[in-house]
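1. Below are the sequence and a predicted model; questions follow.
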Amino acid sequence: MIENEIARQIVDAAYQIHTKLGPGLLETVYEVALAYELSERGLTVERQKPVKICYKSVTFDEGFRADLIVNAKVIIELKSVETILPVHKKQCLTYARLTGLKLGLLINFGDALIKNGITRLINGQLND
């Protein structure tokens with residue numbers, strides 16, 4: 001399954017969750033629900049995966065934790081905030097770069113309409 005097919009499943013699952021639970025819950029609630037929904041669809045989901053980083057030829061075992069990585073191809077950064085800030089997009093892009101993944105999805109479950117809360121981040125370019 002390619003990144004865009006995975007992304008379609010993720011977006012649909014996020015819509016289903018947002019419709020049932022609504023906006024404004026803690027990010028962890030959406031994280032467990034999204035991981036469950038995607039697993040039910042047959043996708044492989046890793047939650048809170050530690051990601052090593054290299055800096056000046058030193059590898060740090062835990063540079064950051066990825067909220068969700070789906071099928072080892074798409075990284076998801078989850079938020080539940082009133083407004084997505086530019087720093088959130090930069091954070092997701094950096095995570096995608098450090099993991100070597102081509103596609104990142106920034107999903108804000110705090111938005112009143114989930115379609116307005118999803119940002120695709122591809123190869124260093126923003127596609128809102």
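-> Perfect, I can see it now.

2. all contacts plus neighbour counts: C-alpha atoms, from now on.
-> Will do.

3. Now residue 24: closest residue in space, sequence neighbours ignored.
-> Ranked by Cα to Cα, 6 or more residues apart in numbering and with sequence neighbours excluded, the top spatial neighbour of residue 24 is residue 110, at 4.8 Å.

4. so that neighbour touches residue 78, yeah?
-> No - Residue 110 is beyond contact range of residue 78, at 9.8 Å (criterion: Cα atoms under 8 Å).

5. Next, please give the residue ranges for the helices of the protein.
-> Residue ranges of the helices in the chain, as given by DSSP state H, are 3-21, 27-40, 86-99.

6. Which of those sits closest to residue 115?
-> Proximity of the helices of the chain to residue 115 was assessed by Cα to Cα; the nearest stretch is helix 3-21, lying at 7.7 Å.

7. just checking, what packs against that closest one?
-> If contacts are counted by 3 or more Cα pairs under 8 Å, 6 or more residues apart in numbering; DSSP states H and E, helix 3-21 sits against helix 27-40, strand 74-79.

8. Burial-wise, tell me which of those comes out on top.
-> For those, average neighbour numbers computed from mean count of other Cα atoms under 10 Å are highest in strand 74-79, which has a mean of 24.

9. what angle do that strand and helix 86-99 make?
-> Between the direction of strand 74-79 and that of helix 86-99, the angle (axes from the mean of the first three to the mean of the last three Cα atoms, to 10 degrees) works out to 150 degrees.

10. In this protein, which residue is most central in space?
-> Averaging the C-alpha coordinates of the chain gives a centre point, and the residue nearest to it by Cα atoms, centre = their mean is residue 76 (1.1 Å).
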